[in-house]
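Predicted model, plus sequence, below.
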Amino acid sequence: MPTSSDLEYGCTLAELRALMELRGGEALEKVISDYGSVEGLCEKLKTDPINGLPNDKALLSQRQHVFGKNEIPPAPSKSFFRLAWEALQDITLVILLVAALVSLGLSFYKPPEGAGAGHDDSEKEAGWIEGVAILVAVIVVVLVTALNDWSKEKQFRGLQSKIETEHKFSVIRGGQPIDVVVNELVVGDVARVKYGDLLPADGILIQSNDLKIDESSLTGESDLIRKSFDHDPVLLSGTHAMEGSGRFVITAVGLNSQTGIIMSLLGATKEDKKDDKSDKVEMNGNGHPATLTVANGLSNGEKKKEEEAVIPVDDETKGKSVLQAKLSNLAIQIGYIGSIVAAATVLILIIRHCITHYAINQESFKTSDLAYFVNFIIIGVTVLVIAVPEGLPLAITLALTYSVKKPT
């Protein structure tokens with residue numbers, strides 16, 4: 001239901017959002033049927049298609065209140081303790097932690113008599129040191145990993161904030177072309193787009209000169225889309241102008257833009273996910289988003305084509321470059337070999353111990369014998385830790401990071 005603020009304009013936020021979900025001829029028909037022309041849309045938004053909005057801070061602030069700000073709130077950052085808990089989920093660390101606790105508990109048992117070949121009394125009395133040492137090592141690894149992740153996230157957010165405050169876009173206000181920070185753009189602004197620009201908001205074309213847009217970031221289609229008011233007047237945020245130039249009136253910003261809607265559906269913003277019949281996220285069998293189809297409001301002839309253009313969302317490769325993905329796969333393959341060797345080592349040690357003590361020496365099993373088996377498991381885990389190059393992707397990433405730094 002329109003609010004009193006919406007009624008000050010000739011169209012509501014919901015109407016503008018529905019308009020931006022249309023494509024091609026459908027969008028053109030909607031503009032003509034509801035507003036008569038793009039000039040009629042500008043009139044409803046109380047803006048001038050030639051001179052733009054007045055450069056009045058109060059007016060701009062009021063538009064932000066009605067139609068929203070042109071910013072997408074990031075998801076809340078993870079706390080240090082959350083990162084430490086996630087680092088502790090590594091299966092190798094879990095095995096080491098369990099082995100350390102069992103070893104520490106068994107260290108208070110007296111070792112079996114006559115089975116201490118190669119072990120003196122001082123070694124027996126200091127049996128707890130091994131368990132404590134492993135615990136300390138696990139804690140250090142978890143803390144270092146969490147600290148590294150926390151510092152990287154902090155640096156990334158600082159860089160993102162810097163980019164947002166420095167990225168400017170050309171608009172017309174009070175009849176004068178000026179560059180404004182993208183998060184200060186409002187609905188009704190008349191913006192100028194040229195070759196190489198990254199569109200910061202959704203809008204409808206007013207005028208264009210052989211304008212072609214790369215919409216692959218949203219649709220997955222690599223072909224450039226020719227834009228004109230008579231052919232396809234819809235411009236979407238997050239797309240790139242590859243050829244030509246033009247002017248357009250901004251109709252949706254921030255979370256109400258198509259990029260903002262997609263980010264909300266993927267859970268990459270602070271806002272809670274909202275049900276929207278026009279925005280669809282396909283779910284896989286595990287209930288996780290598998291692919292994202294940007295087919296909102298497409299004409300019947302284009303929907304089938306766009307349904308095939310999907311953006312894969314894979315938890316394993318999300319946020320990784322091609323090099324990092326290949327290094328991770330290499331580390332996993334080496335880890336499989338290391339796991340086989342570690343399992344074989346533990347199995348051989350256990351069989352050898354059982355044959356020597358229970359078959360040859362005819363000894364009976366005692367509770368204190370568990371210390372031997374725990375020690376064998378620790379040896380196997382040690383082999384596994386040495387074999388698995390978990391730090392390979394991180395080492396390459398750090399090397400590349402330092403290599404691109406400016407020389408001091």
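That came through fine. Numbering: from 1, shown residues only.

Secondary structure element holding the residue nearest to S208 when sequence neighbours are not counted?
Nearest residue to S208, sequence neighbours excluded (Cβ to Cβ, 6 or more residues apart in numbering): G246, at 3.4 Å. All C-beta atoms are positioned from the backbone trio N, CA, C, and that covers glycine. Counting by DSSP states H and E, the secondary-structure element that holds G246 is strand 240-252.

The residue nearest to S208 reaches K212, doesn't it?
No - in this structure, G246 sits apart from K212 without contact. The criterion is Cβ atoms under 8 Å, and the distance is 10.3 Å.

anything in contact with each of the two?
Here G246 and K212 share the contacting residues K227, scored by Cβ atoms under 8 Å, 6 or more residues apart in numbering.

Those two - which one has more neighbours?
G246 (23 against 16; other Cβ atoms under 10 Å).

what's the distance between the more buried one and S228?
Remark: distance between G246 and S228 (Cβ to Cβ, to the nearest Å) = 8 Å.

Residues that sit against both of the two, list them.
Overlap between the contact sets of G246 and S228, as judged by Cβ under 8 Å, 6+ apart, is given by L205, S208, L211.

so the last one, which of the three states?
I take that to be L211. In three-state terms, and counting by DSSP: H, G, I helix; E, B strand; the rest coil, L211 is strand.

try the first one
The three-state label given to L205 by three-state DSSP is strand.

show me the contacts for it.
If a contact means Cβ under 8 Å, 6+ apart, then L205 has V38, L211, K227, S228, F229, P233, V234, L235, G246, R247, F248 as its contacts.

who does the third one bridge with?
If I follow you right, that is K227. Beta bridges link K227 to L211, judged by DSSP bridges.

on that earlier part again, the contacts of L205, buried ones only, as a ChimeraX selection?
The following ChimeraX selection, which keeps only the buried ones among the contacts of L205, applies the criterion 16 or more other Cβ atoms under 10 Å:
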select :38,211,227,228,229,233,234,235,246,247,248
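
Kindly reformat the contacts of L205 as JSON lines containing distance to C11 and pLDDT.
Formatted as JSON lines, the entries for the contacts of L205 read as follows, by distance: Cβ to Cβ, whole Å; pLDDT from 0 to 100:
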{"residue": "V38", "distance to C11": "13", "pLDDT": "88"}
{"residue": "L211", "distance to C11": "24", "pLDDT": "91"}
{"residue": "K227", "distance to C11": "22", "pLDDT": "90"}
{"residue": "S228", "distance to C11": "22", "pLDDT": "87"}
{"residue": "F229", "distance to C11": "18", "pLDDT": "85"}
{"residue": "P233", "distance to C11": "16", "pLDDT": "90"}
{"residue": "V234", "distance to C11": "16", "pLDDT": "90"}
{"residue": "L235", "distance to C11": "17", "pLDDT": "91"}
{"residue": "G246", "distance to C11": "22", "pLDDT": "92"}
{"residue": "R247", "distance to C11": "19", "pLDDT": "92"}
{"residue": "F248", "distance to C11": "16", "pLDDT": "93"}
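
So S228 sits against I206, correct?
No - between S228 and I206 there is no contact, the gap being 10.7 Å when judged by Cβ under 8 Å.

in this structure, which spans are helices?
13-19, 24-35, 38-44, 57-67, 80-87, 91-106, 121-125, 128-166, 216-219, 258-265, 300-307, 322-354, 370-387, 391-403 (DSSP state H).

Out of these, which is the most enclosed?
Ranked by mean neighbour count, the helices of the chain are led by helix 258-265 with a mean of 22 (mean count of other Cβ atoms under 10 Å).

by contact count, what packs against that helix?
Using 3 or more Cβ pairs under 8 Å, 6 or more residues apart in numbering; DSSP states H and E, the elements in contact with helix 258-265 are helix 216-219, strand 289-293.

rewinding a little: out of the helices of the chain, which gets nearest to V193?
With Cβ to Cβ as the criterion, V193 lies closest to helix 38-44 of the helices of the chain, at 14.7 Å.

shaky segments in the stretch 301-408 of the chain?
For the stretch 301-408 of the chain, the stretches flagged by pLDDT under 70 are 301-321, 324, 388-394, 397-398, 400-408.

And this protein, split by domain according to the record?
For the chain, automatic domain parsing gives the domain ranges 272-312, 315-408.

In terms of mean pLDDT, which of the helices and strands packed on helix 258-265 ranks lowest?
Comparing mean pLDDT across those, the lowest value falls on strand 289-293: a mean of 38.

ok, of the contacts of L205, which one's closest to L185?
Using Cβ to Cβ as the measure, the one of these that approaches L185 most closely is F248, at 11.5 Å.
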